[in-house]
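Engineer: below: sequence and its predicted model.
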Protein chains: 2
Amino acid sequence: MEKLWRKNYLNIEPYTAGEQPKTDDIIKLNANENPYPPSYEVYKTIAEFEANDMRKYPLSDSAPLRAAIAEHCSNLYGARLTPDNIFVGNGSDDVLAAAFRAFFNSDKPVMFPDITYSFYPVWCELMKIPFVTVPVDDKFMINPEDYAPENGGVVIANPNAPTSIGMGLDSIRRILDLNQDCIVIVDEAYVDFGGESAVKLLSEYENLLVTQTFSKSRSMAGMRIAMAYGSTELISMLNAVKDSYNSYPLDRLAIATGIASVGDEEYLEAITSMIIATREKTAAALRKLGFDVPQSSTNFLFVQHKTLTAKRIFEYTREKGIYIRYWDKPRINNRLRITIGTNIEMSKLIAALEELIAAECK
Amino acid sequence: MEKLWRKNYLNIEPYTAGEQPKTDDIIKLNANENPYPPSYEVYKTIAEFEANDMRKYPLSDSAPLRAAIAEHCSNLYGARLTPDNIFVGNGSDDVLAAAFRAFFNSDKPVMFPDITYSFYPVWCELMKIPFVTVPVDDKFMINPEDYAPENGGVVIANPNAPTSIGMGLDSIRRILDLNQDCIVIVDEAYVDFGGESAVKLLSEYENLLVTQTFSKSRSMAGMRIAMAYGSTELISMLNAVKDSYNSYPLDRLAIATGIASVGDEEYLEAITSMIIATREKTAAALRKLGFDVPQSSTNFLFVQHKTLTAKRIFEYTREKGIYIRYWDKPRINNRLRITIGTNIEMSKLIAALEELIAAECK
């Protein structure tokens, strides 16, 4: 018998989860995770956490974390922000999804690059937001002039993923100047690895929303914390959406460890510098081996070999216990995304690639 | 100048947050929080947590927590469930919102009681789901026969909030028999305080989804963990919605502490028994003072005094540093919701009420 209740299902494909490595001796360079631990302040905060407090709801406005982030922004970008300029959520996906819902309610399409974070079209489909993708050029560059047509909003990941390429603030400014009648979201998940933050532009553009995350530079992917910066008006809209959906997205430990991490600016500087140095060393070694490696402003590289296919390299390194990322998608199916790990991990990757090239490129 | 980007805002009222007490010497009986700490296993898990793991994403499917919950269900309800019958999310609001999105896509209205959890109509409005509310009777009872009209889904909180009243499984079964062509959600946030769980009915009704939370009986409101139980088909739909919105709703500490809590069934039994005993004692004392107190199956009471107004009692106890809940809403604006705290806290409340009644009821 036909079950009629199935007709009320949301029209969505059940998702098949990606493979999780079953052993610990894998070199995991496929999720853009940070190879270094979080700040020692985070360790201390967990060890000293008063578990009895867990019986109580967290502060739904996460006020102390927002205050800590506002202060950090002033130090880092010289931007004078208050907690009312900061929204926090359960990872970038939660923050960006709230922003899509709050700000993309036009009949005109939202615009974003064709090669960028894969969740943008997914959220548009889920929320029935019309969208168009704008091709990046052959070098994966975003051209600000392409964002001139009338639209319902713009989303730019800067630096972009999976391309690793950062745009200067002059280009972001041009996109903002071309888009004064919609909300422009700049997704800065990777900005701490050498990007230039649009937080500095907030005082000039009321329709700008900038998002960042604790998952990459702060080594806290496992804790699910992200933030958005914007005018008090935009932030109050985001809070209204949050409070109509899930009032307490950050648990008490996320708030406490987030504050601990934000306070340790020196450690952030130290580990991002290490990762940048390893990245440049790795990029040079890869170029020597015949890879095209665009200049990265992130904690990963987006590479293509002159003769070996991406698929072959992906399969070979996988056999060697080194996981990197490959997508069988138009325009990027001969590229690999390689997360920057420790120096030792990257040396092992380079050694494996040397072996493969010696064996297969005559 | 008119800012055109404002026209793309979601049509939603910015929310004004409720008052948070500024001091610690408040007796907080207004949020249905548990007065007892979480299981000692939760303390140990936090203390022993390997913070270095935080640099990595959590398992997006929270598999070990779902396995632990499935096992607990088998022990508690004799229902044979597997992890594929369990969905977990960032608190009940996250789980219920995902279920509304996944299952309520009909043109016919979703039905729920007029007096029930206040987020149901909020989610319907946010997601543009048509709905009708069904009046509970003068004793706040839900009549299963009222849910016979054709509809796009049914949501029943059992026990109901803020009424505190539980329905027997025979009534839930009647609602399910009347609604074989839509999804029926039974929200069991308070079930561990004396309700009867519909988890037992899952083997009979493929269109039933049951939700529960760690926030009340498990003393973990601050950790944001909730779950849904259903057929593997319903659970795979919920996972598809999650994976299209926010793939990692539970952080590593939430997964770890959730497992620790679920494993300690003895402690759950001990603290819920204590709260039930305090509830019955408090209900008897309140009835003696002239309150109408419906039989509660929850960790709170929903009371009305024979002469004093709810507003007066609310203001008086507040002055005395005891926070209880009052809503200025139709049908319930002369009722108060009082969370069950410790025996000492409830004695202080009763003493304050005795004083007030002695002074103002001649």
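Structural biologist: Structure received.
Engineer: A strand includes residue A:211, no?
Structural biologist: Yes - secondary structure of residue A:211 (DSSP: H, G, I helix; E, B strand; the rest coil): part of a strand.
Engineer: what pairs with it across the strands?
Structural biologist: For residue A:211, the residues forming beta bridges with it (DSSP bridges) are residue A:187, residue A:228.
Engineer: tally up the residues packed near it, please.
Structural biologist: A count of nearby residues for residue A:211, using other C-beta atoms under 10 Å in any protein chain shown, gives 24. Just so you know, the C-beta spots here come from the backbone N, C-alpha and C atoms, and that holds for glycine as well.
Engineer: that one reaches residue A:100, doesn't it?
Structural biologist: No - under the criterion of C-beta atoms under 8 Å, residue A:211 is not in contact with residue A:100, lying 11.1 Å apart.
Engineer: list residues touching both of those two?
Structural biologist: Both residue A:211 and residue A:100 lack any common contacting residue under the criterion C-beta atoms under 8 Å, 6 or more residues apart in numbering or on different chains.
Engineer: quick one: the helices in chain A, in order.
Structural biologist: Along chain A, the stretches classed as helices by DSSP state H are A:40-47, A:63-77, A:91-103, A:119-126, A:169-178, A:232-243, A:252-263, A:265-288, A:310-319, A:343-360.
Engineer: out of these, nearest to residue B:221?
Structural biologist: Closest approach to residue B:221 among the helices of chain A is made by helix A:252-263 (8.9 Å; C-beta to C-beta).
Engineer: buried residues, that closest one. List them.
Structural biologist: A:252-263 (16 or more other C-beta atoms under 10 Å in any protein chain shown).
Engineer: between helix B:40-47 and that helix, find me the angle.
Structural biologist: With axes from the mean of the first three to the mean of the last three C-alpha atoms, to 10 degrees applied, the angle from helix A:252-263 to helix B:40-47 works out at 20 degrees.
Engineer: so what secondary structure elements neighbour helix A:252-263?
Structural biologist: With contacts taken as 3 or more C-beta pairs under 8 Å, 6 or more residues apart in numbering or on different chains; DSSP states H and E, helix A:252-263 sits against helix A:40-47, helix A:63-77.
Engineer: now do the last one: everything it contacts.
Structural biologist: Defining contact as C-beta under 8 Å, 6+ apart, one finds that helix A:63-77 is touched by A:79-83, A:85-88, A:197, A:199-200, A:225, A:227, A:229, A:250, A:255, A:258-259, A:262-263, A:265.
Engineer: hmm, which of those are the buried ones?
Structural biologist: The neighbour-count test (16+ other C-beta under 10 Å) applied to the contacts of helix A:63-77 identifies A:79, A:81, A:83, A:85-88, A:197, A:199-200, A:225, A:227, A:229, A:250, A:255, A:258-259, A:262-263 as buried.
Engineer: and the stretch 101-250 of chain A, which of its residues are near chain B?
Structural biologist: For the stretch 101-250 of chain A, the residues in contact with chain B (C-beta under 8 Å from any C-beta of the partner chain) are A:101-106, A:122-123, A:125-126, A:152-153, A:180-183, A:206-207, A:215, A:219-224, A:236-237, A:239-241, A:243-250.
Engineer: how near is residue A:126 to residue B:11?
Structural biologist: Using C-beta to C-beta, to the nearest Å, one gets 19 Å for the distance from residue A:126 to residue B:11.
Engineer: which of the two has more neighbours?
Structural biologist: The residue with more neighbours, out of residue A:126 and residue B:11, is residue A:126; 19 against 7, by other C-beta under 10 Å.
Engineer: ok, now which ones touch the nearest residue in space to the more buried one that is not next to it in sequence?
Structural biologist: The shortest distance from residue A:126 to any residue that is not its chain neighbour, by C-beta to C-beta, 6 or more residues apart in numbering or on different chains, is 5.0 Å, and that residue is residue B:244. Residues touching residue B:244, when contacts are defined by C-beta under 8 Å, 6+ apart, comprise A:12, A:15, A:122-123, A:125-126.
Engineer: please name the nearest non-neighbouring residue to the residue nearest the centre of chain A.
Structural biologist: A centroid search over chain A (C-alpha atoms, centre = their mean) returns residue A:189, at 3.4 Å, as the residue closest to the centre. Nearest in space to residue A:189, with sequence neighbours left out and distances taken as C-beta to C-beta, 6+ apart, is residue A:213 at 5.0 Å.
Engineer: and that neighbour, what is it in contact with?
Structural biologist: Contact criterion C-beta under 8 Å, 6+ apart gives A:91-92, A:189, A:225-227 as the residues in contact with residue A:213.
Engineer: if you set the cut-off to 7 Å instead, what comes out?
Structural biologist: Taking C-beta atoms under 7 Å, 6 or more residues apart in numbering or on different chains as the contact definition, residue A:213 lies against A:91-92, A:189, A:226.
Engineer: go on, residue A:104?
Structural biologist: So, once contact is read as C-beta under 7 Å, 6+ apart, residue A:104 ends up touching A:110, A:129, A:152-153, B:8.
Engineer: ditto for residue A:114
Structural biologist: If you count contacts by C-beta under 7 Å, 6+ apart, then residue A:114 has A:133-136 around it.
Engineer: one more: residue A:287?
Structural biologist: For residue A:287, the contacting residues are residue A:293, taking C-beta under 7 Å, 6+ apart as the criterion.
Engineer: what pairs with residue A:339 across the strands?
Structural biologist: residue A:300.
Engineer: ok, it to chain B distance?
Structural biologist: 11 Å (C-beta to the nearest C-beta, to the nearest Å).
Engineer: what's the spacing between that residue and residue B:338?
Structural biologist: When distances are taken as C-beta to C-beta, residue A:339 and residue B:338 turn out to be 53 Å apart.
Engineer: if you count what's nearby, which of those two comes out ahead?
Structural biologist: More neighbours surround residue B:338 than the other of residue A:339 and residue B:338, with 29 against 25 (other C-beta under 10 Å).
Engineer: that one against residue B:301, yeah?
Structural biologist: Yes - applying C-beta atoms under 7 Å as the test, residue B:338 and residue B:301 come out as touching, 4.8 Å apart.
Engineer: right, and residue A:254 touches residue A:223 too?
Structural biologist: Yes - because the distance of 5.5 Å satisfies C-beta under 7 Å, residue A:254 is recorded as touching residue A:223.
Engineer: overlap of the contact sets of these two?
Structural biologist: Shared contacts of residue A:254 and residue A:223, counting by C-beta under 7 Å, 6+ apart, come down to residue B:251.
Engineer: burial measure for residue A:161, as a count.
Structural biologist: Neighbour count of residue A:161, defined by other C-beta under 10 Å: 21.
Engineer: neighbours around residue A:99, how many?
Structural biologist: Other residues within reach of residue A:99 by the criterion other C-beta under 10 Å amount to 26.
Engineer: actually residue A:74, sorry about that
Structural biologist: Applying other C-beta under 10 Å, we find 14 residues neighbouring residue A:74.
Engineer: ok, now which ones touch residue A:162?
Structural biologist: For residue A:162, the contact set (C-beta under 7 Å, 6+ apart) comprises A:302, A:332, A:337.
Engineer: ok, residue A:205 next?
Structural biologist: If you count contacts by C-beta under 7 Å, 6+ apart, then residue A:205 has residue A:176 around it.
Engineer: ok, now residue A:285?
Structural biologist: residue A:350.
Engineer: swap in 10 Å and give it another go.
Structural biologist: Applying C-beta atoms under 10 Å, 6 or more residues apart in numbering or on different chains, we find residue A:285 in contact with A:291, A:293, A:346-347, A:349-351, A:353-354.
Engineer: what does residue A:274 give?
Structural biologist: For residue A:274, the contact set (C-beta under 10 Å, 6+ apart) comprises A:35-36, A:340, A:342-343.
Engineer: buried only: go through these for me.
Structural biologist: Burial of the contacts of residue A:274 was assessed by neighbour count (16+ other C-beta under 10 Å); the buried members are A:35-36, A:340.
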